[in-house]
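Undergrad: Below are the sequence and a predicted model for it; my questions follow.
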Amino acid sequence: MSDKNLVQIKNLSLTFNPGKDKEVKALDNITFDIKEGEVFGLVGESGSGKTTLGRTILKLYDASDGEIDFDGKDVRKMKGGQLADFRKDSQMIFQDPQASLNGRMKVEDIIAEGLDIHHMVKNKEERHARVLELLDLVGLNPDHATRYPHEFSGGQRQRIGIARALAVDPKFIIADEPISALDVSVQAQVVNLMKDLQKKHSLTYLFIAHDLSMVKYISDRIGVLHWGKLLELGTADQVYNHPLHPYTKSLLSAIPVPDPIAERQQKIVDYDPSAETDGQVRRMVEIEPGHSVLATPAEAEAYRSQA
Ligand SMILES: Nc1ncnc2c1ncn2[C@@H]1O[C@H](COP(=O)(O)OP(=O)(O)OP(=O)(O)O)[C@@H](O)[C@H]1O
């Protein structure tokens, strides 16, 4: 991992349907950065704003406020050639490979779509050779190129999604719950593959999940999102093994324990979110090096004595 920030997000907010009945503050003043070559895990329960954050970083949604920089360039202002380069450099892997792969297209054409759009191959032979290379990279066979998505298992389909994302040599990948729809038995394989590819190709990931256990394994740092706010940010070890915010503690306590005896003793920590709406101003405060929590000055003091 380098010291350079590839992605910098500052005071990012997005309100859907502003001023209307259905107004939702999906992102609320979020600030963090992702270093080049880093795996940044983003966790939070359903509706916390994870997908919205990913899509806003990729300029698929327009932010209401704040800054997004990618490789030193202002994403919100990108257009023309600069936007086209950004669309190539940043790719997405989706939760449900069944829904995100066009069922009427052969695997070869699915994987090569980005190559065609960005004019990255000169002819059919080069295109085919690149597809075979990508299939091999994600652990699939050359004869899979001529098949359709429905002929594959969930894990294999996600490998196709990964090959499609990697085809255009991206720098940054947002993986939006890439293993949630898969059988538990293949989840680890897909995470391992993603980890290997990240190292091999010096990729930077934003890895989104609702469960801390998988994110902990793949991430360098983890951010915890709730109701559109980043509540805690730290290294995977800090957040997973030494959580500070009560919401993070609650999330951790809900992770299923595979040992039946331990499970009987497992105590779910309830979270009372009323503090989030008490009208007090909270900022991200660094409690120990690299470990920050959204807190009032008084709460920060309490966290400090706890850490
Ligand atoms: N296009 C949209 N228009 C209006 N509201 C939206 C839109 N997309 C998301 N929201 C709302 O924004 C909030 C955040 O949703 P988002 O999908 O980002 O959460 P999430 O953490 O990704 O959840 P999940 O894990 O279920 O995908 C939710 O209250 C959701 O209803």
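TA: Done, it's in.

Undergrad: only C-alpha atoms for contact and neighbour calcs from this point on.
TA: Fine.

Undergrad: For the ligand, what's the nearest residue on the stretch 101-250 of the chain?
TA: Using Cα to the nearest ligand atom, the closest approach of the stretch 101-250 of the chain to the ligand is made by His210 at 6.3 Å.

Undergrad: Pull the number of nearby residues for that residue.
TA: Neighbour count for His210, taken as other Cα atoms under 10 Å: 20.

Undergrad: show me what contacts it?
TA: Val43, Gly44, Glu45, Ser46, Glu177 (Cα atoms under 8 Å, 6 or more residues apart in numbering).

Undergrad: Hmm, the first one is touching Ser213, no?
TA: No: under the criterion of Cα atoms under 8 Å, Val43 is not in contact with Ser213, lying 9.9 Å apart.

Undergrad: returning to that earlier point: which ones among the contacts of His210 map onto helices?
TA: Using DSSP state H to define helices, no part of the contacts of His210 is located there.

Undergrad: With distance to the ligand and neighbour count as extra columns, can I get these in CSV?
TA: As requested, the contacts of His210 are exported to CSV (distance: Cα to the nearest ligand atom, whole Å; neighbours: other Cα atoms under 10 Å):
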residue, distance to the ligand, neighbour count
Val43, 8, 27
Gly44, 6, 25
Glu45, 6, 15
Ser46, 4, 12
Glu177, 8, 22
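
Undergrad: Inside strands: which ones of those?
TA: Among those, the ones falling in strands (DSSP state E) are Val43.

Undergrad: Generate CSV for the contacts of His210, with distance to Val191 as supplementary columns.
TA: Shown next, in CSV, are those (distance: Cα to Cα, whole Å):
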residue, distance to Val191
Val43, 16
Gly44, 18
Glu45, 20
Ser46, 21
Glu177, 11
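
Undergrad: for the contacts of His210, which one is nearest Ile287?
TA: Val43 (19.9 Å; Cα to Cα).

Undergrad: how near is that closest one to Ala167?
TA: The gap separating Val43 from Ala167 is 27 Å, by Cα to Cα, to the nearest Å.

Undergrad: now swap in Lys20 and tell me
TA: Where Ala167 is concerned, Lys20 sits at a distance of 41 Å (Cα to Cα).

Undergrad: Glu113 now?
TA: 9 Å.

Undergrad: before we move on, what about Gly114?
TA: Going from Gly114 to Ala167 by Cα to Cα gives 7 Å.

Undergrad: picking that back up, and the contacts of His210, which is closest to Arg87?
TA: For the contacts of His210, the nearest to Arg87 is Glu177 (20.2 Å; Cα to Cα).

Undergrad: right, and that closest one touches Ala209 too?
TA: Yes: assessed by Cα under 8 Å, Glu177 is found in contact with Ala209 at 4.8 Å.

Undergrad: ok, stretch 179-186 near the ligand or not?
TA: No: with Cα under 6 Å from any ligand atom as the criterion, the ligand is not reached by stretch 179-186; the gap is at least 9.7 Å.

Undergrad: Just the terminal-to-terminal distance for that stretch.
TA: 8 Å.

Undergrad: Mind listing what's buried along that stretch?
TA: Applying a neighbour-count criterion of 16 or more other Cα atoms under 10 Å, one finds Ile179, Ser180, Ala181, Leu182 buried in stretch 179-186.

Undergrad: gap between the first one and Gly103?
TA: From Ile179 over to Gly103 the distance is 20 Å, taken as Cα to Cα.

Undergrad: again, but for the last one
TA: The gap separating Leu182 from Gly103 is 18 Å, by Cα to Cα.

Undergrad: cool, and the second one?
TA: For Ser180, the distance to Gly103 (Cα to Cα) stands at 20 Å.

Undergrad: now do the third one
TA: Shown here: Ala181 relative to Gly103, a distance of 17 Å by Cα to Cα.

Undergrad: same check, this time on Arg87
TA: In terms of Cα to Cα, Arg87 sits 23 Å off from Gly103.
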